[in-house]
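Q: model the following, please.
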Amino acid sequence: MQFSRIAQVCVTGAAAFPFVAVSALAQNQAPAPFATSSAADTPSRSLGVVTILSGQPTSLPTQIPTTMQGVTGEDIANTINATDSEDALKYFPSLLVRKRYIGDYNHAVLSSRASGTGNSARSAVYVDGVLVSNYLGNGATYAPRWGMVTPEEIARVDVMYGPFSAAYPGNSVGAVVDYVTRMPTQLQANARIGISHQPNDLYGANTNYQARQASASVGSKAGDWSWFVNLNRTDSNGQPLTFATRLKSVGVASTAGTAVTGAVLDANNANVPWFNLGSVTQYHTIQDHAKLKLAYDITPTLRAHYTLASWSNTSEGRGQSYLKDASGNTVSSGAININGLAFTGANALTGADFVATNEALRHLAQGLSLKTRTQGVLDWELAANQLNYDQDLNRRNSAGNVLPGALAGGAGTVADGGGTGWKSLALKGTWRPQVALSKPGEPAVGSHVVDFGLQQDRYRLSSITSNIPGNWITDAPGSLVNAIGGTTTTQAAYVQDSWTLAKDWKTVLGLRLENWAASDGQTTFGPGNPANRNYDSRSESFASPKAALSYQWAADTVLKASLGRAVRFPTVAELYGATAATNSQYINDPNLLPEKSWTTELSAEKEWAGAQWRATFFGENTQDALYSQTTFDAQANRNISRVQNIGRIATTGLELAVNAENVWRQGLDLSGSVTYTDSTIRENAGFVAVAGDTIGKRQPNIPAWRATALASYRWSPQWITSLGLRYSGPQFRTLNNADVNGFTYQGVSEYFTADVRARYQFNKQVSAAVGIDNLNNYQYWNFHPYPQRTFSAELQWNL
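A: Below you'll find the model as predicted:
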């Protein structure tokens, strides 16, 4: 099917993949012009090592010694209900994107084999070589900037599992996702409109939510110039995500407070009874995306490429109380009484329970590269990229400013993240000293392909939160609440040698040297405040070796072993981002240690019975993992919670994947995967409730079992349908695994969902598709509720 046909490059043998021979031959042919590079752009595999010869900007090195899988834009359009770019990853083995609604911009974190949805800094996402992963922090609110690419732009998406390439920083310990977008070779134009509809019934609130999308693109090539423009708008209403609650136990038997109905008795994630009082965050988001790409072929083998992308978002988050008084009026504030239990004083409702938020974001990304593709002895690339928060405002009402009056104004706060962003500079090269001696179709024994490079990445976080005493919706910032900021810089040099030891043996040896520095760290609460802190600069250096060995055991079977070290440095927000103080002892820890992981992978890849099969045993040993937990602080003389290092987390697992085309009959394609993972905390000085309560517990957000399946059938050249299945077993969100109830707000549940899609090509220009995600309407949770059954329809026109 789609993954095996064009991108399941974790299987072996040129016989199964015609493009392997094409790419292998290209190394002995004349240099290929960029304009005719589409065939060679497809990854190929030889002796278990993937070769990338792309002329397009990409983060991928030429030699990849690890499990890799991908999908093309054509197959995304045919088989996946893709409303956002991250939907392309739905059915990849062991991957999950925590997407809560269409256009989810602040919590859609990518998780992988041994990295959960709370660890956004343990994966790397690139679009045309530009980093869109957000390493300013680690956690749900630091999701990749998925909005920098739209589904209809995608030419292909490739995923590299694990930190086995020296070309990537330690954030690649989970996975590297590389998006390559289309660059036309002739006049092309595209327009698409889509609509989604979700009937949602939760806690007795039955409401319909819709999303509408429209996009258009046009591009062409004239002589040595190529250009492409893409515009997209998303107007989305998501289901409620957070809820106001009160533990039943804090209610006091009394007649005090306003008697209300509508509260829903439920249990929290620890199975303690609580009342759900209403929804807090239901987003209406309008997002605009614009992208310009220019390419100029300076020579047939040297291309200059420039990308400018803008993503803007205007969103409103609104709450809605379920509570009614005796006259049927909505109750959103004050003391309340539920069935004779009074919630007064500190337990009365305030503006912090039912919150109104307005966000205005505008982020700009750009990338410039010079890249050769001679496929001869030496190729090189110079690339500079940046992503900047041109505007990043988050306004909300204050605790004393309650709904519904707060919707018209009143006191509040505004958080301004403008000026935040990151930039990178890289010089990369590929040296093939024996390329002239290679025989067509196979690498020469003893031949080397050496990837090398120099890189610098810099991340700057700036966030200023201010009071607004007048109108939180429109007024300028007032007095300072807090300001945080800081910079981290990583400079790296790497080298990686792919060496054909013998006819059936290949090894890849790599080394990455990194110097990391943190500077300009500060937290401020106003002039003269004793809690203000300016942090000393610090710098550390590390070496991360990589090694892989593959053996062609038989014509249809490859065995491979990989080992790699990854160092994931603390982010600016982890170092300086907390905004509370205790006894003038600030709870930030500017001396956090970096995470250090050793990851292993043993794989067997085989073509059998018309299918491609893979079994991968993986292991990861992580020291000093970064999590928020509690510890005793001697200077503050009390227990405090903050980001800390966990001594050691050990993970082992087994991943099975299969891909098959034309199963039983022509046109029926299947792919699937099953993953088992055991991820356990082995050493930890910190705790959640009592000392030692995390030892032997499962790592948060890593299920023991997960599985995917995708089947598609082409009924005719015009008509294709697909069925996708996704499963994840029970998991925990807390380090001590006390959250035993996953099917509730703030819980993390198991799930099993089915998705269907049908697409019809009316003629060369016009196609239409309809689909249903979560066909079985499974109600599942990852702190927030996921979408219920969602219907979608789209119409597309291509020139």
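
Q: so how many other residues sit close to the residue nearest to residue 453 when sequence neighbours are not counted?
A: Using C-beta to C-beta, 6 or more residues apart in numbering and skipping the chain neighbours, the partner closest in space to residue 453 is residue 428 (3.9 Å). All C-beta atoms are positioned from the backbone trio N, CA, C, and that covers glycine. Residues lying near residue 428 (other C-beta atoms under 10 Å) number 22.

Q: on the three-state scheme, residue 428 is what?
A: strand (DSSP: H, G, I helix; E, B strand; the rest coil).

Q: now the residue of the chain most remote from its centre: closest residue in space that isn't a chain neighbour?
A: What lies farthest from the middle of the chain is residue 255; by C-alpha atoms, centre = their mean that is 49.4 Å. In space, and not counting its chain neighbours, residue 255 is closest to residue 337: 6.8 Å by C-beta to C-beta, 6+ apart.

Q: what's the closest non-adjacent residue to residue 302?
A: residue 372 (5.1 Å).

Q: from residue 229, how far off is residue 387?
A: Distance, residue 387 to residue 229, using C-beta to C-beta, to the nearest Å: 20 Å.

Q: no wait, residue 452
A: Residue 452 is 35 Å from residue 229, by C-beta to C-beta.

Q: likewise for residue 350?
A: Between residue 350 and residue 229 the computed distance is 48 Å (C-beta to C-beta).

Q: between those two, who's got more neighbours?
A: residue 350 (18 against 14).

Q: pretty sure residue 346 belongs to a helix, no?
A: Yes: assessed by three-state DSSP, residue 346 belongs to a helix.

Q: per-residue confidence at it?
A: Here the pLDDT value assigned to residue 346 is 93.

Q: how many residues are close by it?
A: The tally of other residues near residue 346 (other C-beta under 10 Å) stands at 7.

Q: ok, it - contacts?
A: By C-beta atoms under 8 Å, 6 or more residues apart in numbering, the contact list for residue 346 is empty.

Q: contacting residues for the residue nearest to residue 302?
A: 301, 302, 303, 378, 379, 380, 381.

Q: if we go to 10 Å?
A: By C-beta atoms under 10 Å, 6 or more residues apart in numbering, the contact set of residue 372 is 31, 34, 55, 298-299, 301-303, 378-382, 429-430.

Q: least confident pick among the residues you listed?
A: residue 31 (45).

Q: pull the longest strand from the protein.
A: Longest strand in the chain, counting residues (DSSP state E): strand 273-299.

Q: now the element after it, going C-ward?
A: strand 302-321 (DSSP states H and E).

Q: now for that following strand, which elements pack on it?
A: Counting contacts by 3 or more C-beta pairs under 10 Å, 6 or more residues apart in numbering; DSSP states H and E, strand 302-321 is packed against strand 225-237, strand 243-247, strand 273-299, strand 357-372, strand 378-397.

Q: residue 227: neighbour count?
A: Neighbour number of residue 227 under other C-beta under 10 Å is 17.

Q: so it is in contact with residue 186, correct?
A: No: using C-beta atoms under 10 Å as the test, residue 227 is too far from residue 186 to be in contact (12.0 Å).

Q: what touches both of the two?
A: Common neighbours of residue 227 and residue 186 (criterion: C-beta under 10 Å, 6+ apart): 219, 220, 221.

Q: what is the neighbour count of residue 534?
A: Count around residue 534 with other C-beta under 10 Å applied: 10.

Q: so how far is residue 642 from it?
A: In terms of C-beta to C-beta, residue 534 sits 18 Å off from residue 642.

Q: and residue 604, by the same measure?
A: On the measure of C-beta to C-beta, residue 604 and residue 642 end up 44 Å apart.
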